Structures are given as C-alpha cells and as structure tokens.
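Peer 1: got a structure for you, letters missing:
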C-alpha cells in the first residue's frame, strides 16, 4: 500500500510539473518566425507607460524587421533600445524598426530592446494577458499575448524609467 501511495504521489508530482511548464511557456509560430515568452510588467495606477518583452527567432532564409506593434490597451506601441555608453544609460526610438537577420534570434528584454506601450488606458495587472499585434517587414503580422508578470528575481539588471516620453 505504501508503494502504491508513493507511486501515485510521484505520478501526480510529475504531471503537475509538466502542466506548470506548459502554463508558463507560451510560444507563437508563423511562416518561419517564432515568438517566445511575450511578457510585460504590472504598472502602478496612473502610470501611462508599460513595456513589452519577447524573443523573436527568425528561422527563415531572409532578413526581417519588426516595424510596429499595436494593442487595444495603449494608444501607441513603439520599439525602443536602451543602451549604456560611457556610464550613461540612454533610450532611443527605433524609427525604422528592429532587424532580425536570417537564422538569428533577437531578445527584447529589460535594459535592451523593448516595446513601449504608450498612453495606457488602465494599469496592467499581474496575471492578465494583453493582446498584441506585431507588424513585420519581410514576414506576416502575428497576434500574441503579453503575460503580465513581475520581473523574475534572478534578473538583476537596472531598471529604467520612461517618464520622459
């Protein structure tokens, strides 16, 4: 009887682990482009800006560019890059978009490339999903969902503010 209970417990734990990974990982794929783990951070009430992060994997044999994005939750979505140069962190709008070479991967992450969700209608809350349309040059438009979650504890990068926008 103890062996049966131990097997049932081990089986239940394994099933829970598998489903936990499925719930956390969310990927989208279309026409040679994969989008992995699109996410955002919760925003405090009254904060007009949010961010979007994701991984873009270009599995095609031609260069593509992320040239825009949109969501019903923001008036505008723009593509930005944060850089550190001579101990000064700066952020710039990528007016022409973000190029992803053939066979390459580009990660939008804190203190790097990211999406700015501008003029939010309401705060982004942990646990919700935000619909987002990604516009590409050289690839078809893709619909994804940003999962709103807190910054992982293992990511110790400095945070930047976007209040100047």
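Peer 2: Here it is on my side, so go on. Quantities reported herein were computed from a predicted structural model and do not represent experimental measurements.
Peer 1: residue 116 reaches residue 53, doesn't it?
Peer 2: No: Residue 116 is beyond contact range of residue 53, at 11.2 Å (criterion: Cβ atoms under 8 Å). The C-beta positions use only the backbone N, C-alpha and C, and glycine is treated the same way.
Peer 1: any low-confidence regions in this protein?
Peer 2: For the chain, the stretches with pLDDT under 70 are 1-25, 152-165.
Peer 1: please enumerate the helices of the chain.
Peer 2: Using DSSP state H, the helices of the chain run over 2-24.
Peer 1: show me where it has its strands.
Peer 2: Shown for the chain, the strands assigned by DSSP state E span residues 27-30, 33-40, 49-58, 64-70, 74-85, 88-93, 98-100, 105-108, 113-120, 129-137, 142-148.
Peer 1: any idea of the angle the longest one forms with strand 49-58?
Peer 2: When axes from the mean of the first three to the mean of the last three Cα atoms, to 10 degrees is applied, the directions of strand 74-85 and strand 49-58 differ by 70 degrees.
Peer 1: what's the burial count for residue 40?
Peer 2: Residues within reach of residue 40, counting by other Cβ atoms under 10 Å, total 26.
Peer 1: how much space separates it from residue 28?
Peer 2: 15 Å (Cβ to Cβ, to the nearest Å).
Peer 1: could you pull out the buried residues of stretch 98-109?
Peer 2: For stretch 98-109, burial by neighbour count (16 or more other Cβ atoms under 10 Å) applies to 98, 99, 100, 106, 108, 109.
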